[in-house]
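A.B. asks: Quick one, fold the following:
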Amino acid sequence: MAKKIPMRQCVGCGQMKNKKEMVRVIKQAEGNILLDKTGKQNGRGAYICNDKECFKKARKNKGFERSLKSQIPEDVLDLLEKEFDLD
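C.D. replies: Now for the predicted structure:
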């Protein structure tokens, strides 16, 4: 039997993709929001394609806020976007 591939939906474009191809953004219990490069950190996660356009879409349509169930300040989003660019 073939092993099941975990799929996740991008909060930007809405496409279902393999979890390994995506970048995870998490909200920790303390309320910190950060990029989870390992995909293993504790916290509520939102997945996004590894694509600048998807990040912009998710930011515009409040995809992160919906997935992480909280308001995200603009400066935190700016920081995430900078980190996202480094990859």
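
A.B. asks: Low-confidence bits of this protein, can you list those?
C.D. replies: 86-87 (pLDDT under 70).

A.B. asks: if you set the cut-off to 80 instead, what comes out?
C.D. replies: Residue ranges of the chain with pLDDT under 80: 1-2, 85-87.

A.B. asks: longest helix of this structure?
C.D. replies: helix 74-86 (DSSP state H).

A.B. asks: elements contacting it?
C.D. replies: strand 33-36, helix 52-60 (3 or more Cβ pairs under 8 Å, 6 or more residues apart in numbering; DSSP states H and E). C-betas here are computed from N, CA, C, even on glycine.

A.B. asks: How many residues are close by Phe84?
C.D. replies: Using other Cβ atoms under 10 Å, Phe84 has 17 other residues around it.

A.B. asks: so it sits right up against Leu35, yeah?
C.D. replies: Yes - counting by Cβ atoms under 8 Å, Phe84 touches Leu35, with 6.8 Å between them.

A.B. asks: Could you name every residue contacting both of the two?
C.D. replies: Both Phe84 and Leu35 are in contact with Val23, where contact means Cβ atoms under 8 Å, 6 or more residues apart in numbering.

A.B. asks: okay, the helices and strands packed on helix 74-86 in CSV with mean neighbour count next?
C.D. replies: CSV is the format used below for the helices and strands packed on helix 74-86 (neighbours: other Cβ atoms under 10 Å):
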stretch, mean neighbour count
strand 33-36, 18
helix 52-60, 17
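
A.B. asks: Out of those, flag the one nearest Gln9.
C.D. replies: For Gln9, the closest of these is helix 52-60, at 11.2 Å, according to Cβ to Cβ.
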